[in-house]
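Q: Could you look at this predicted model? Sequence included:
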Amino acid sequence: MPVELPVIFFSVIRNPAVAVGIPLVFGMASGLITKTAIKTWYKDLKKPPLQPPPPVFPVAWSILYASMGLASHLLVKAYDSQLPGTELKQAADLAIKLYWSQFAFNMAWTPLFFGMKLILPALGDITVLTSLVYYMTYIAHQVDPRTTFLLAPYCGWLSFATYLNGGIWFLNFFPKKGDTSDGKKEL
């Protein structure tokens, strides 16, 4: 039985300002968790090479959130313009479902990583998130090729963010040779 999204998930992204605003507002809210953690425990963690300075993150994420929101709007416009049962309408429906799925994983990452300091579960989350976004981008391209220009930077940034998350876990929590502990550190 196919999964059907509640109508509200289609309705809110029909308005371009709301489609862009939702990820921006939720992203800014999750940034509050990050802001506190950056000043406390995060600064003491070992970081992998290429770690950008902290001011880069809110700028990058603001651009990415706006881009993903606009892509969702383009997808719902394509969905609305197709006849029921057509291949393109089904692809648009799948892309919108993937959009909301990746959005949930995106919103879960910050509380996992910065809020609860669960680096390994956050790595699992971002790995699933990155896979979803690549697949969503592939499907969205079939629906409206313009979405690729909006989502490709998100794919790249998530790949880089996965590297950073994995690097932080490895450098700080991966058991070292000869270590008899369980590989956990007190944060």
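A: Received it, and whenever you're ready, just let me know what you need.

Q: burial measure for S11, as a count.
A: Other residues near S11 come to 11 when the count uses other CB atoms under 10 Å. The C-beta positions use only the backbone N, C-alpha and C, and glycine is treated the same way.

Q: Apologies, that question was intended for V20.
A: V20 has 20 neighbours, counted by other CB under 10 Å.

Q: That one and L64 touch, don't they?
A: No - contact criterion CB atoms under 8 Å: V20 and L64 do not qualify, at 11.4 Å.

Q: tell me the contacts of P52?
A: With contacts defined as CB atoms under 8 Å, 6 or more residues apart in numbering, the neighbours of P52 are A60.

Q: Just the buried residues of the biggest helix by length in the chain, please?
A: For the chain, the helix that runs over the most residues, judged by DSSP state H, is helix 146-173. Within helix 146-173, the residues that count as buried by 16 or more other CB atoms under 10 Å are 147, 150-151, 154-155, 157-158, 161-162, 164-169, 173.

Q: and of those residues, the nearest to L32?
A: A161 (18.6 Å; CB to CB).

Q: Might one say that that closest one is in contact with I126?
A: Yes - A161 is in contact with I126 according to CB under 8 Å; the separation is 6.1 Å.

Q: which residues touch I13?
A: A19, I22, G69, S72, H73, L75, V76, I96, Y99.

Q: Remind me what the helix or strand containing the last one packs against, helices and strands.
A: So that's Y99. Element membership of Y99, judged by DSSP states H and E, is helix 87-110. Applying 3 or more CB pairs under 8 Å, 6 or more residues apart in numbering; DSSP states H and E, we find helix 87-110 packed against helix 8-11, helix 16-39, helix 56-81, helix 119-143.

Q: Compute the inter-axis angle for the least confident helix or strand in the chain by mean pLDDT and helix 87-110.
A: The helix or strand of the chain with the poorest confidence is helix 16-39; it has a mean of 92 (mean pLDDT, DSSP states H and E). Interaxial angle, helix 16-39 versus helix 87-110 (axes from the mean of the first three to the mean of the last three CA atoms, to 10 degrees): 30 degrees.

Q: how much space between the closest residue to V76 other than its chain neighbours and Y99?
A: Of all residues not flanking V76 in the chain, I13 sits nearest, at 4.8 Å (CB to CB, 6 or more residues apart in numbering). Separation of I13 from Y99 (CB to CB, to the nearest Å): 8 Å.

Q: pLDDT score assigned to K47?
A: We note a pLDDT of 95 for K47 in this prediction.

Q: mind checking how far it is from G166?
A: 12 Å.

Q: which residues does the residue most central in space within the chain contact?
A: Taking CA atoms, centre = their mean as the criterion, N106 is the residue nearest the geometric centre of the chain, at 3.5 Å. Counting by CB under 8 Å, 6+ apart, N106 makes contact with P23, L129.

Q: Fine by me, thanks again.
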